[in-house]
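# Provided below are the primary sequence and the corresponding predicted coordinates.
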Amino acid sequence: MNRKIATFFMDSTLLGVDILLVKEVNRNITLTPIPDANSTLRGLMNLRGKVVTVIDLNVCLNRPVTKAIEECRLLILKTDEEIVNYQNGGMLIGVKLGEDIIGFLINQMADVFEVQDEDILQPPPNLTLVDKELVEGVIKRGKQLVILLNVTAILDKVLSASTKIED
Amino acid sequence: MINQEELLRNFVEESQQHLQAIEPYLLELESNLSDVDSEVINRIFRAIHSIKGASGFFGLNNISEISHVMENLLSMIRDGKMKPNSEMVDALLNGIDSVRAMLSDISSSDRFDISKDLSLLQSFLEHNDKKQAENIKNITVYEMLNPNKKEPPRKFEISEDKLLSFIKKGFYLYSVDISINENLTLQGKTPYDLINSMAAMGQVIDSKLGTSNISGLEDCLTNDLSFVMLYATIMEPSLLPIGLEIEEDKYAVIDLEAFKDKQKQKISSELKAFTPQDAKLAQNIAFTEPSPPEKTPVKEQEVKIADDKPQIKEIKQIQDKPIDKTVRTITTEEKIRVGVNLLNDLVNLAGELVLARNQLMRVALSRVKDTPGLNPVLQHLSRITTDVQSKIMQMRMQPVALLFGKFPRIVRDLAKSLNKEIKLITYGEDVELDKTIIEALSDPLTHLIRNSIDHGIESPEEREKKGKTKAGTLELRAYHQAGQVYIEVNDDGKGIDGNIVAEKAVEKGIITKDQLNSMNEKERIRLIFKPGFSTAKEVTSVSGRGVGMDVVITNIKKLGGIVDIETVPNKGTKMRLALPLTLAIVSGLVVKIGEQYFIIPEANIEELVRITPEEFEERINVVQDALVLRLREMLLPLINLKKLLKISDETDESLKSKTLRILVTRHGSFRQGIIVDSLENIEEIVVKALPRYLKRMKSFSGASIMGNGSIALILDVAGLVEKAKLRHLESTIEETKFKEEKIATRGETQTLLLFDNATDERFALPLELITRIERVPSSSIEKVRDDNYLQYQGKKLKLIYLENYLPINRPKREGLEFVGVIIPKFMKYPIGIIINKVIGTVNTEVELDTETIMAPGLFGSAVIDDKIALLPDMYKLFELAIPELYQNQQADKRKGKKGKYRILLVDDTAFFRMVESEYLLSAGYDVIQAEGGRKALSILEEKQIDAVVLDIIMPDLDGWEVVKIIRENPKWKNLPVMAVTSLGEEELVERGKTAGFSDWEVKLNKTRLLEKLKSLLKQ
């Protein structure tokens, strides 16, 4: 089956997510920090009257905390409700985005390309750039390697990190 | 157009409503088995009947079957053929439960095992059947040929008894074909609509599915079902299609010819009473009738006319009234069904609208001055927005009756299983709450009630030993107070013993022995809310499984509410839930901590305290490493938010060098101070739920979008208290204070707000009269001709300066950046008083001096804290400021007689006597004062009095006793007696009327006092 992957840069690493998961990409990020919150949560943002939870993808992927937020973009994901039609059509099976709107801080958008299912490969054992649990697979594009993220796993990780019971 | 699935949903909803509605009637039936009220039975019967009828439509065999049996049983009871007993009620309740269970999972309802309920119900019927077996005989009746109908005539079974009684009443029998799609769906009706209209005009005797290939729900949802019903009605063949809104080929008349003779024989004796006059009348009527469109045998018509009396009357009724009225059921209020989702969208949009309004206001206000016409438009928009919002919120409001309605059953079942006798009393069922809150309250309230019954109320024997009534009383009470809704669960059981609770908690390792020793009674009792706590000696099936009270408190907290317990050993326990009216929009104070804005719900805030570096040493102490604030006679623990939320590493030391802003907040019965950097403004905020990633954070309860588009987090006071692990030192002090309030006998004290007007003079106003004190920039006061206004909560607030009305020093206000504005309570027309700043509040017994310094608009002066303070008469000031608003408060002249009405004013406190008599005198009444109950009674004996204004809490003879004595004397039976008191209003509403008060009002609300008094005297 054909899929379209939206790619973006985190520093020099090229990452990708299924484009069907992407709601929009925003430039102007006005964050309200959440005091005393888990470090994966960078803050809340108002998106046309709705609350967006902004997640530091770098922290999720065990990389250093994102700095210079003003130079970042916000990759805003859809919610379960918005992808249910795709799922009824047999796409995005197993993907869970939750009811809340999530935004990932990213450095820069790259291009969108099509890929066949069979061209999505198992992550190589020497992949150290990101935590393997959170990777759906890798795609070779010429010289470049696109790491396709498992968004469901990332959100799970954020949720379990952020809901540790406070003492 | 309604589709089939929606019809089914509709059916489920309506059936559930029916079931809920009849439960109380069943309980009523049970409580009054010997004397059955036919209306009660009828209501139950009708509901079950509707369910039976409609369930048949959907091929829901199980529901239809069980409701059919219940209906039979009920009809036996109704017709007096069977005496109801409590086993029967049990069986019926079980049956209802089964139906309810089936309704909740409608698609698998036919797989539900109803055999037990059925056999139980049937056992009553069979028992009875044997007795009556010979009386019941089924007869087969046939459709007459209808030229419009294609199918061959059908046959039906009907009991002879019924058939004869229909003939006797002159009813027609029809078979009616209804296809769901054609007759209902396309017309936008539900099966219930049809059944209801049929039941209004006749009786559905039998109904069955018309097509044989339909066996259940599945088919029902896909095919267009047709339905055949045997229907008895007074409507003639010509009227039937109009009445039921069906086509002519959809019904057939049942041939009753053969049975009429039989009926005639039976009533031959009655025929003697049949007079020729009636016959003539009947004939006339018959001739004026429009001729039926289809051929009805002539013979039939004759028989019909020559039948007996009742029928003639019925025909006459139909002829007298326009057809439309007799055949349509009249609905009083038009309603429309709206999905909750749509409603929620509207609520959100209304929230957005408010937001947009606030943003617009912010931008536009600066241009108001140089844009003519802008201000009125803004005001208009603002008002409309507020109205739209409040109307939309109203749509979500539901009465707590929905919630309370299910408790009679629960209480009954529990009491039965625990062998206790319990009387359930509910008050305030019409109090309304947001739908979400109502729904979320169901479980916690059930739990509280179970607890009360299980642990609180004693067994009848134990109660008798204690000298209590055998039956315990459980009281459910809902009321409004101060913008919140309170729900109380009160029992008169054995109360909660803090020591036992505490020991238990130690035993279970919930607290340590050391902790226990430092706890006061109130804290000990609150241990029942700790997770893993259960006081029952044995685990019962009812409650006490260790999960419970902690769940209650978490659920209530989630709703932004609090739970409070008051308990007296052997007297009972009062659990009080304080809840917000709605979750979606709250009034909140915006505060700044560091660079970030937060919101604290206004309902949590009691007062604001400002501490300057000079005052620091005096007001702030360190107790066990924690900061506490000295406020009046209380010590409040302090929370430094900046530190708690880790916004910066501020040390307590650094607090000393700056002016502190402290919010005194209340959580349950505890108060604490929260230190913030600055206070911004109060806003109506739209609460948005936190994303699930933040749900576990105790500090926040929600988020909101601010006027500038950024998001602010809403602080959760309860969570902050928990996070800060505060220890409360003040609760003991507070408890004694509470007692004082309750038992206050001699010399009530007043809490006064002290303030200055930027001069040396000090002023004081009773705190009871004040809603809020705002601090606003001087520049925000707008001058329109000679008047001053402030934009306040989207409205225009008129402001007055004290020096314009009172003989006091004129302050120099130039250069003052901020002024204070006192916003009084109880105002129809809002007015604010401009002051310089608040000095503080004092709680003292005021000795009012009305001679040394006196002027219109002043009550007088008093020495407070060794200094003279002037007490302005706020209402008088307002009258001076806007006289036209207060004209109609003037007393009416005495009817018939000359002169003024004479009012007896009874209050033990000189201050209140003074203030109230001033109110009354200024309105044109004659006032006689009495400082106690006995004095009042002797004055009543001696003088002509038109009305009494009575305080409640007084030494020697209190208000309750006085009004009792007054009412016992026939001379004063109709004398208007009005209670004016500082007791909470809900206490009055509850007791006032029964005690004999004509009306009541909270102390010092002048406008309402005068209005109510005026209307009492009119009566």
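Looks like it arrived, so ask away.
# Which residues are in contact with residue B:1013?
The contact partners of residue B:1013, taken as Cβ atoms under 8 Å, 6 or more residues apart in numbering or on different chains, are B:903, B:920, B:925, B:947, B:949, B:976, B:978. C-beta: built from backbone N, CA, C; applies to glycine.
# What's the local residue count around the closest residue to the first one other than its chain neighbours?
Counting by Cβ to Cβ, 6 or more residues apart in numbering or on different chains, the nearest residue to residue B:903 once its immediate chain neighbours are dropped is residue B:925, at 4.9 Å. By other Cβ atoms under 10 Å in any protein chain shown, 24 other residues sit near residue B:925.
# what about residue B:925, distance to residue B:651?
Look at residue B:925 and residue B:651: by Cβ to Cβ, to the nearest Å, they are 62 Å apart.
# Is any residue of the longest helix anywhere in chain A near chain B?
Counting by DSSP state H, the longest helix found in chain A is helix A:151-162. Yes. Using Cβ under 8 Å from any Cβ of the partner chain, helix A:151-162 comes into contact with chain B via A:158-159, A:162.
# quick one: least confident of these?
Lowest pLDDT among the residues of helix A:151-162 next to chain B: residue A:162, with 80.
# didn't that one look like it was pressed against residue A:40?
Yes. Counting by Cβ atoms under 8 Å, residue A:40 is a contact partner of residue A:162 at 6.5 Å.
# Point out the ones among the contacts of residue B:1013 that are inside helices.
Filtering those for helices - DSSP H - leaves residue B:920.
# Closest to residue B:232 out of the contacts of residue B:1013?
Minimum distance to residue B:232 across the contacts of residue B:1013 is 56.6 Å, recorded for residue B:976 (Cβ to Cβ).
# quick one: low-confidence ranges for the stretch 501-650 of chain B?
Where the stretch 501-650 of chain B drops to pLDDT under 70, the residues are B:531-532, B:534-548, B:582-585, B:624, B:633.
# Next to chain A in this structure, residues from it, please.
Going by Cβ under 8 Å from any Cβ, the residues of the stretch 501-650 of chain B near chain A are B:596, B:644-647.
# let's go with 7 Å and repeat that
B:596, B:645-647 (Cβ under 7 Å from any Cβ of the partner chain).
# now, among the residues you listed, which is nearest to residue A:58?
Within those, proximity to residue A:58 (Cβ to Cβ) peaks at residue B:646, which comes in at 21.0 Å.
# How many residues are close by the closest residue to that closest one other than its chain neighbours?
The shortest distance from residue B:646 to any non-neighbouring residue, by Cβ to Cβ, 6+ apart, is to residue A:36 (4.8 Å). Neighbourhood size, residue A:36 [other Cβ under 10 Å]: 15.
# and residue A:36, backbone torsions?
Backbone torsions of residue A:36, given as degrees, to the nearest 10, read phi 60, psi 30.
# Tell me, what's the model's pLDDT at it?
Looking at residue A:36, its pLDDT is 88.
# Roughly how far does residue B:971 sit from residue B:947?
Separation of residue B:971 from residue B:947 (Cβ to Cβ): 15 Å.
# For chain A, which segments count as helices?
Using DSSP H, the helices of chain A run over A:57-60, A:80-88, A:151-162.
# Including mean neighbour count and distance to residue B:198, could these go into CSV?
Below are the helices of chain A laid out as CSV (neighbours: other Cβ atoms under 10 Å in any protein chain shown; distance: least, Cβ to Cβ, whole Å):
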stretch, mean neighbour count, distance to residue B:198
helix A:57-60, 23, 64
helix A:80-88, 13, 41
helix A:151-162, 19, 54
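# between those helices, which one is nearest to residue B:930?
Closest among the helices of chain A, using Cβ to Cβ: helix A:151-162, at 66.3 Å.
# list the helices and strands that closest one packs on?
Secondary structure elements in contact with helix A:151-162, counted by 3 or more Cβ pairs under 7 Å, 6 or more residues apart in numbering or on different chains; DSSP states H and E, are helix A:57-60.
# Give me the contacts around the helix it packs on.
Contact partners of helix A:57-60, identified using Cβ atoms under 7 Å, 6 or more residues apart in numbering or on different chains, comprise A:10, A:39-40, A:64-66, A:104-106, A:134, A:154, A:157-158.
# if we can go back for a sec, chain B: which of the residues of helix A:151-162 next to chain B is nearest?
Lowest distance from chain B to the residues of helix A:151-162 next to chain B (Cβ to the nearest Cβ) belongs to residue A:162, with 4.6 Å.
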